[in-house]
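Peer 1: Sequence first, then the predicted structure:
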Amino acid sequence: MNQHRTVRVALLGAGSVGSQVARTLLDHADELALRVGARLELVGIAVRNVEAKRDVELPAELFTTDAKTLILGADLVVELMGGIDPARELIALALGSGADVVTANKALIATHGLELFDIAERVGAQLNYEAAVAGAIPIIRPLRDSLAGDRVDRILGIVNGTTNFILDRMHTLGGTLDEALAVATDLGYAEADPTADVEGYDAQQKAAILASIAFHTHVPVERVYREGITGVTAELIDEARTAGYVVKLLAICERITAADGATESVSARVYPALVHAQHPLASVHGGNNAIFVEAASAGSLMFYGAGAGGVETSSAVLGDVVSAARRRISGGPGLRESMHADMRVADIGDVVTRYHISLDVSDELGVLAGIARVFSDHEVSVLQIQQGDGAVPVVEALEQSTEDTPAGEQASATLVIGTHQATERSLQAVVAALESLDAVQRVKGVLRVESAA
Ligand SMILES: NC(=O)C1=CN([C@@H]2O[C@H](COP(=O)(O)OP(=O)(O)OC[C@H]3O[C@@H](n4cnc5c(N)ncnc54)[C@H](O)[C@@H]3O)[C@@H](O)[C@H]2O)C=CC1
Ligand SMILES: N[C@@H](CC=O)C(=O)O
Ligand code: NA
């Protein structure tokens, strides 16, 4: 090791993740110095309020509210404040001054990554962001480096720890979304504004990042279809359980080939979906994440572990810090992500999937026949119909409706209808047509089925 070399590290933010990164930089300074080949000196921590009480004890003299001065005295800046402003301006300042940058900020990378990579490339600096997707799990580097010679076809995963924690808790313990969110927030999983988690924006940003790297194509965050979990009720979770499924918020990024067999586009989407109870994703509990990557030569790969949490995420941040510091010591250009493929981003309507549709219907003669007609009119084929606790084959259900229901009775019944594969466009048209049927009192929920056992 060069005893005289020092890499001056400035930390922006000392919350759940930042305070743990600071602690490791201070407690393991000697070991890190051996790994890097130079000492990593934590020169300061920029925060909003230097007096704020923190869970982790850190030297008071390191704290400052003057982020800009701190940045201009640093070789490496670690941004862990979150949000777009002022993080965007501060990272641009850091890169522009020649410092390397490590960030966990998916909101910023997904929306302004291109402009920041431009600056990094121009000045020859590093911009690393492993912690931005799936916390501690190595996924950015495997996609960008390890799989750089392969062709990724599909990514399917749970990429938000907070919503996985909430859905898992609702499934196993019952209770409401708000109760589970309060616990996830205490555990340090949730974003500063947890709307980003429960409405799927955080997963949407991560999907945009994953799709962009995997398919060498810039996928703008607003082109990632998004639904959050606020519509997932205890009732829908119970119905899913009865049918042998678990509800998970999934991010799916895949290549789609058009009907002509030649034109390829990229689909990226986030929504709560049904996962078969025997599928490995169904066993991803608490704040954990799991990501399946299917690549042409590598086949199926699974990445699993802690997707959120301050201590866990600090591991990914420090990995990026060591990597950037080593490169600073040994020299090497700043690299931008490869976006040469420039593929079209598909509309959600082009995606082929399966639906489970939960309906309250009038329990009267001919209802099922009317519903079945809606499906056949849109050329969507029905796989099964579930009434109460049991799945009933379609033909049997239709017979029951005409034989067992006394004419003129106006009772209400719940039906859960599972479809075969069809385009989203057709499935959405089916749901709209069902909503307009007199016999359909309410469409209670629509969930896609994304993984058979
Ligand atoms: N908490 C987690 O499990 C994970 C978080 N991330 C990302 O890591 C980043 C940090 O997350 P957390 O540590 O959970 O956030 P946090 O809310 O716990 O901490 C944010 C810190 O930044 C400081 N800060 C915020 N705005 C500031 C400003 N304008 N000027 C100076 N200081 C400012 C706050 O004072 C606080 O110390 C975010 O981008 C988040 O999305 C990524 C993966 C996992
Ligand atoms: N709020 C995020 C934190 C990690 O990215 C999550 O819950 O996954
Ligand atoms: Na990661």
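Peer 2: Done, it's in. Ligands and ions are numbered 1, 2, ... in the order given.
Peer 1: Now the closest residue to residue 164 other than its chain neighbours: phi and psi?
Peer 2: Leaving out its chain neighbours, the residue that sits closest to residue 164 by Cβ to Cβ, 6 or more residues apart in numbering is residue 158, at 5.2 Å. In this view, the C-beta of every residue, glycine as well, is placed from N, C-alpha and C. When quoted as degrees, to the nearest 10, the phi and psi of residue 158 stand at phi -100, psi 110.
Peer 1: okay, now the domains of this protein?
Peer 2: 6-135+311-330, 140-306, 351-449 (automatic domain parsing).
Peer 1: Residue 345 is nearest to which of those?
Peer 2: domain 140-306 (4.3 Å; Cβ to Cβ).
Peer 1: do the closest one and ligand 3 meet at all?
Peer 2: No: for domain 140-306, no contact with ligand 3 is found by Cβ under 5 Å from the ion; the gap never falls below 5.9 Å.
Peer 1: possible to save the domains of the chain as TSV with mean neighbour count and mean pLDDT?
Peer 2: TSV is the format used below for the domains of the chain (neighbours: other Cβ atoms under 10 Å; pLDDT from 0 to 100):
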stretch	mean neighbour count	mean pLDDT
domain 6-135+311-330	20	97
domain 140-306	20	96
domain 351-449	16	83
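Peer 1: would JSON lines of the ones you listed with distance to residue 345 be doable?
Peer 2: Below are the domains of the chain laid out as JSON lines (distance: least, Cβ to Cβ, whole Å):
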{"stretch": "domain 6-135+311-330", "distance to residue 345": "14"}
{"stretch": "domain 140-306", "distance to residue 345": "4"}
{"stretch": "domain 351-449", "distance to residue 345": "12"}
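Peer 1: any idea how far the residue in the chain that ligand 1 sits nearest to is from residue 334?
Peer 2: Across the chain, the shortest distance to ligand 1 (Cβ to the nearest ligand atom) belongs to residue 15, at 1.8 Å. Going from residue 15 to residue 334 by Cβ to Cβ, to the nearest Å gives 28 Å.
Peer 1: ok, now residue 387?
Peer 2: Distance from residue 387 to residue 334, by Cβ to Cβ: 61 Å.
Peer 1: Could you do residue 362 as well?
Peer 2: Distance from residue 362 to residue 334, by Cβ to Cβ: 65 Å.
Peer 1: which residues does the residue nearest to residue 164 contact?
Peer 2: 164, 248-251, 281, 284, 288-291, 307 (Cβ atoms under 8 Å, 6 or more residues apart in numbering).
Peer 1: In strands, which of those residues fall?
Peer 2: In strands, defined here by DSSP state E, the members of these are 248-251, 288-291.
Peer 1: now these in CSV, with distance to residue 323?
Peer 2: Formatted as CSV, the ones in strands among the contacts of residue 158 follow (distance: Cβ to Cβ, whole Å):
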residue, distance to residue 323
248, 31
249, 30
250, 30
251, 25
288, 24
289, 21
290, 24
291, 20
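Peer 1: so which of those residues comes closest to ligand 2?
Peer 2: residue 289 (6.9 Å).
Peer 1: which residues touch the residue lying closest to the closest one once chain neighbours are set aside?
Peer 2: Spatial nearest neighbour of residue 289, chain neighbours left out: residue 307 (2.8 Å); criterion: Cβ to Cβ, 6+ apart. Residues near residue 307 by Cβ under 8 Å, 6+ apart: 134-137, 158-161, 164, 287-289.
Peer 1: distance of residue 255 from residue 122?
Peer 2: From residue 255 to residue 122 the distance is 31 Å (Cβ to Cβ).
Peer 1: again but with residue 289, I slipped
Peer 2: Noted for residue 289: a distance of 33 Å to residue 122, by Cβ to Cβ.
Peer 1: likewise residue 250?
Peer 2: 37 Å.
Peer 1: Then residue 24?
Peer 2: The gap separating residue 24 from residue 122 is 31 Å, by Cβ to Cβ.
Peer 1: Need the three-state assignment for residue 112.
Peer 2: helix (DSSP: H, G, I helix; E, B strand; the rest coil).
Peer 1: contacting residues for it?
Peer 2: Taking Cβ under 8 Å, 6+ apart, one finds 84, 88 in contact with residue 112.
Peer 1: Please list the residues of the stretch 351-453 of the chain that sit near ligand 3.
Peer 2: Taking Cβ under 5 Å from the ion, no part of the stretch 351-453 of the chain reaches ligand 3.
Peer 1: show me what contacts the residue nearest to residue 48 when sequence neighbours are not counted?
Peer 2: Of all residues not flanking residue 48 in the chain, residue 65 sits nearest, at 6.8 Å (Cβ to Cβ, 6+ apart). Residues in contact with residue 65 (Cβ under 8 Å, 6+ apart) are 46-50.
Peer 1: Counting only strands, which of those residues make the cut?
Peer 2: residue 46.
Peer 1: what's the closest of the contacts of residue 65 to residue 383?
Peer 2: residue 48 (53.4 Å).
Peer 1: what are the phi and psi angles of that closest one?
Peer 2: phi -70, psi -40.
Peer 1: just to revisit the earlier point, so which of the contacts of residue 307 also contact ligand 2?
Peer 2: 135, 160-161 (Cβ under 6 Å from any ligand atom).
Peer 1: Output the contacting helices and strands for the strand or helix carrying residue 445.
Peer 2: Per DSSP states H and E: residue 445 is located in strand 440-451. Judged by 3 or more Cβ pairs under 8 Å, 6 or more residues apart in numbering; DSSP states H and E, strand 440-451 is in contact with helix 234-242, strand 245-257, strand 264-276, strand 352-362, strand 412-419, helix 424-435.
Peer 1: so can I have a markdown table of these showing distance to ligand 1?
Peer 2: Formatted as a markdown table, these follow (distance: least, Cβ to the nearest ligand atom, whole Å):
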| stretch | distance to ligand 1 |
| --- | --- |
| helix 234-242 | 24 |
| strand 245-257 | 14 |
| strand 264-276 | 16 |
| strand 352-362 | 28 |
| strand 412-419 | 35 |
| helix 424-435 | 29 |
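Peer 1: Right, I'll call it a day here.
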